[in-house]
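[1] Need the 3D shape of this:
(one chain, ligands or ions: 2)
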Amino acid sequence: MNELSEPNRIQQLDEITIGHIAAGEVVERPAQVVKELLENALDANSTAIHVEIERGGFDLIRIEDNGTGIHENDLELALSRHATSKLSQPEDLNEIHTLGFRGEALASIGTVSQLTVASKPDGQEGRCIRMDAGRRQPIEPIGMANGTVVTVEQLFQNTPVRLGFPRRPATEHARIVEVVVAHAIAHPNVSFRCTIDGRSTLNLPSSSSIEDRLYDVLGGQSSSLLSLVLPAQDADVPGDESWTGYISAPDISRGKGDEVHIFVNDRPVASTPFHQAIRRGYRTRLMQGRHPVAVLHLQVPANEVDVNVHPTKREVRLRHSWRVLERLERAIAHTLATSPTQPDSSGELQELQGLAQNAQNRPIQELLVPTRILRRRHPGRLQQEHNSIL
Ligand SMILES: Nc1ncnc2c1ncn2[C@@H]1O[C@H](COP(=O)(O)OP(=O)(O)OP(=O)(O)O)[C@@H](O)[C@H]1O
Ligand SMILES: [Mg+2]
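    Ligands and ions are numbered 1, 2, ... in the order given. Alright, predicted model coming up:
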């Protein structure tokens with residue numbers, strides 16, 4: 001068994017460490033459950049993840065991965081509150097390298113659903129544990145491939161008061177696809193499949209290139225993105241953080257900021273705190289109230305970012321936030337100043353023509369439109385050209 005396939009062993013955190021963990025996991029909607037389970041699969045070094053959803057996740061959420069798995073003796077702990085393999089002492093919270101760290105997600109999900117966790121580390125037998133509205137059942141053997149399958153059924157069925165939003169499956173499907181897409185952009189080397197109500201909604205093969213992944217999720221609009229270029233003098237600015245990514249030329253903009261994707265050390269985070277810096281980078285090129293399309297990755301030393309601040313880990317605190325945002329603003333301004341923004345006679349930016357050859361202009365929202373409608377709009381074309389999505 002190699003080191004990567006060895007499961008990390010889980011331990012119950014002590015009271016002091018628990019005391020340092022920000023207010024616990026709040027599971028309020030199916031998309032949040034999907035996010036937590038995806039994070040677990042990614043933390044387990046999975047390279048292939050399949051998400052299955054039925055009726056907005058209210059009937060079924062199943063996430064199958066091929067990661068390191070959970071040791072049989074750890075299965076009960078995996079469902080216990082404040083038990084985690086990802087940290088062991090308060091100091092570890094200063095430098096988090098995993099998406100999860102609180103040891104709470106599965107326990108929280110298990111109290112508001114019927115939760116089954118089946119797991120098989122490499123070289124061991126498969127084992128399965130079930131939790132019924134908070135009550136753990138005995139562990140049973142199960143035949144399965146290496147990895148973990150987490151199944152969540154009857155979500156919120158017995159907890160209507162916690163549900164602060166309408167139970168509309170269609171709305172939830174859209175949110176779930178957004179969650180999967182965000183993680184897929186952060187991890188192009190992992191294949192993601194998403195099946196909703198029996199229909200394959202996303203099928204993203206693994207790729208070593210972020211450009212391929214962006215093409216698969218953004219469609220044709222990825223061809224008009226500009227690669228972020230850092231100004232040379234930025235190398236002399238103090239600080240070990242760095243930005244990479246892609247932004248749209250100013251002539252492409254959106255009414256909402258939902259196509260601004262921000263990742264901090266590969267963790268998708270809320271983009272709103274970054275909007276102003278991005279807008280300043282565009283200077284006067286972006287019309288009032290418009291937002292660009294952007295995929296921006298910040299790499300920052302783990303001890304300079306605090307992820308232990310928000311109940312769903314959607315927001316992070318940066319130790320040098322001002323400096324980091326200024327760096328982003330300068331990078332955007334420099335990228336726009338040095339990129340040709342006039343289309344040539346073919347209507348494409350010259351340096352992007354290679355990518356554009358396959359372009360077919362499918363904004364990400366179209367992914368959320370049922371397959372039926374897409375087919376009608378582009379009869380007979382999509383399946384062939386964009387196999388990976390449908
Ligand atoms: N898909 C998985 N593959 C391998 N191990 C897993 C998987 N899901 C959960 N685990 C194990 O179960 C433990 C508990 O998972 P849980 O999501 O509840 O907590 P966490 O990920 O440690 O922290 P957080 O509450 O912040 O998500 C994890 O620490 C991990 O060791
Ligand atoms: Mg977790």
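[2] how much space between whatever residue of the stretch 1-150 of the chain ends up closest to ligand 1 and ligand 2?
    Across the stretch 1-150 of the chain, the shortest distance to ligand 1 (C-beta to the nearest ligand atom) belongs to residue 100, at 2.5 Å. In short, each C-beta sits where N, CA and C put it, glycine included. Using C-beta to the ion, to the nearest Å, residue 100 is found at 3 Å from ligand 2.
[3] Helix, strand, or coil at that residue?
    Under DSSP: H, G, I helix; E, B strand; the rest coil, the three-state class of residue 100 is coil.
[4] That one contacts residue 44, doesn't it?
    No: using C-beta atoms under 8 Å, residue 100 makes no contact with residue 44, being 10.0 Å away.
[5] These two: which is more packed in?
    Comparing residue 100 with residue 44 by other C-beta atoms under 10 Å, the one with more neighbours is residue 44, at 24 against 21.
[6] Name the nearest residue to the more buried one, sequence neighbours excluded.
    Distances taken as C-beta to C-beta, 6 or more residues apart in numbering place residue 67 nearest to residue 44, at 2.9 Å, with adjacent residues excluded.
[7] quick one: secondary structure of that neighbour?
    Quick answer, by three-state DSSP: residue 67 is coil.
[8] Bridge partners for residue 49, pull those for me.
    On the basis of DSSP bridges, residue 49 is bridged to residue 65, residue 192.
[9] If I look at the residue nearest to residue 44, what pLDDT would I see?
    Residue 67 carries a pLDDT value of 98.
[10] Next: residue 328.
    97.
[11] Residue 87 and residue 101 touch, don't they?
    Yes: judged on C-beta under 8 Å, residue 87 makes contact with residue 101 at a distance of 5.2 Å.
[12] So which of the two has more stuff around it?
    Per other C-beta under 10 Å, whichever of residue 87 and residue 101 has more neighbours is residue 87, with 24 against 21.
[13] neighbours of the closest residue to residue 338 other than its chain neighbours, just the number please.
    Spatial nearest neighbour of residue 338, excluding adjacent residues (C-beta to C-beta, 6+ apart): residue 229 at 5.7 Å. Using other C-beta under 10 Å, residue 229 has 14 neighbouring residues.
[14] Repeat that for the one 5 residues further on.
    The local packing of residue 234 (other C-beta under 10 Å) involves 15 other residues.
[15] who touches it in this structure?
    327, 330-331 (C-beta atoms under 8 Å, 6 or more residues apart in numbering).
[16] I'd say residue 180 and residue 193 touch.
    No: taking C-beta under 8 Å as the definition, residue 180 is not a contact partner of residue 193, at 9.1 Å.
[17] more crowded one of the two?
    Taking neighbours as other C-beta under 10 Å, residue 180 and residue 193 compare with residue 180 leading, 26 against 18.
[18] Make sure I have this right: the more buried one is in a helix.
    Yes: assessed by three-state DSSP, residue 180 belongs to a helix.
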